[in-house]
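Chemist: got a sequence here, can you model it:
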Amino acid sequence: MNLNSLDLNLLTALDALLREANVSRAAMRIGLSQPATSHALQRLRDIFGDPLLVRTGARMELTPRAQALRAPLAQALDQVRGLFVPEDFDAARSERQFRLMMPDLAVELLMPPLMEKVTRLAPNVRIDVVPWRGPAIFHAEFARTIDLVISIGNAFKGFHRQLLYTDSDALAVRRGHPMAAKLKRHETFLAARHVGVIIRGQPEDLIDTWLHAKGIERHISLVVPGYLEALHVAARTDLVAFVPRRLIAALSKQLGLVTVTPPLDPGIDEQFMFHPTRAQMDPGSIWLRRLMLETGRGLEKRRAS
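Modeler: Sure, this is the predicted structure:
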């Protein structure tokens, strides 16, 4: 194809049509009238030699050709937009919005000190935190909306990672728990009733994945989707929560919790910061990553002291 004859605005229209699979919603997305968007769709059909959208009953569906275009088109548009990113980032004047994905424990530990820095340096910047989801449901379209991910492991395709902070796991029980002093014993640990944490996109509690590899099965009485819920339950019942030690320390006074060293040591947890490869040289991303790394180092310093 001769690119000189191609209206690049058609690519924006195509992206909207592929995302919405609906002419009216695509028109609203890109600020065009419905007739103009219908005309753009017809031109795209002529260019690709494919209907792209076909009616099935009361709704429109993408053809296989259209489905195949979604990811490469989105990447191409991201690269084009990157050409127009300013060469520097004026934090004091910026009104940029960043989207971060992290589990609730990272929100509890990182966001208060991070927001102190953001409020002081960039009062008009907005941070949106979205719920953590596992790599199995971290699809490409969702990934394009994310500026930073805080997570363990290394399973996010198209993202670079940097070590943020380390932690270890411990048992959390309410102050005055009748078995607190004995939970360091293997038999007491196994007999205790536990609250498990299964985050969206994970098949089981990561602690249980580790225990099962050793042939150990603990007694799970309750499963919740987040670490904060687990600690709130442990604070008001006799259930035991096996969770990151830093989180227990952060909430022990507020919730009346006691930290107990488990009879089995899962080792060190490493929390990483992931940023999209496409944002490697983006000044705004660089600025936010620097602040987040400073915040992570702050946690490490408090541990050392």
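Chemist: for this structure, just list every one of the helices.
Modeler: Remark: helices assigned in the chain by DSSP state H are 9-20, 23-30, 34-48, 64-82, 104-121, 140-143, 186-191, 206-213, 227-236, 245-255, 283-304.
Chemist: ok, which of those comes nearest residue 267?
Modeler: Closest to residue 267 of the helices of the chain is helix 206-213 (C-beta to C-beta; 8.5 Å). Bear in mind the C-beta positions are built from the backbone N, C-alpha and C, glycine included.
Chemist: report the buried residues of the closest one.
Modeler: By 16 or more other C-beta atoms under 10 Å, the buried positions in helix 206-213 come out as 206-208, 211.
Chemist: go on, stretch 109-128?
Modeler: Buried residues in stretch 109-128, defined by neighbour count with 16+ other C-beta under 10 Å: 109-111, 113-114, 117-118, 122, 125, 127.
Chemist: ditto for stretch 195-208
Modeler: Those would be 195-199, 202, 205-208, for stretch 195-208 by 16+ other C-beta under 10 Å.
Chemist: try stretch 260-275
Modeler: Applying a neighbour-count criterion of 16+ other C-beta under 10 Å, one finds 260, 262, 264, 266, 271-275 buried in stretch 260-275.
Chemist: can I get the buried residues of helix 206-213 in a markdown table with pLDDT and distance to residue 138?
Modeler: Putting the buried residues of helix 206-213 into a markdown table (pLDDT from 0 to 100; distance: C-beta to C-beta, whole Å) gives the following:
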| residue | pLDDT | distance to residue 138 |
| --- | --- | --- |
| 206 | 90 | 16 |
| 207 | 94 | 22 |
| 208 | 94 | 22 |
| 211 | 94 | 25 |
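Chemist: and those, which is closest to residue 59?
Modeler: The nearest one, if we look at the buried residues of helix 206-213 relative to residue 59 and count by C-beta to C-beta, is residue 206, at 39.7 Å.
Chemist: can you name the residues that contact that closest one?
Modeler: The neighbourhood of residue 206, defined by C-beta atoms under 8 Å, 6 or more residues apart in numbering, consists of residue 152.
Chemist: before we move on, back to that, export the helices of the chain to a markdown table and tack on distance to residue 176?
Modeler: Shown next, in a markdown table, are the helices of the chain (distance: least, C-beta to C-beta, whole Å):
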| stretch | distance to residue 176 |
| --- | --- |
| helix 9-20 | 54 |
| helix 23-30 | 56 |
| helix 34-48 | 65 |
| helix 64-82 | 54 |
| helix 104-121 | 24 |
| helix 140-143 | 44 |
| helix 186-191 | 16 |
| helix 206-213 | 24 |
| helix 227-236 | 11 |
| helix 245-255 | 13 |
| helix 283-304 | 27 |
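Chemist: minimum distance to residue 94: which of those has it?
Modeler: Closest to residue 94 of those is helix 283-304 (C-beta to C-beta; 7.0 Å).
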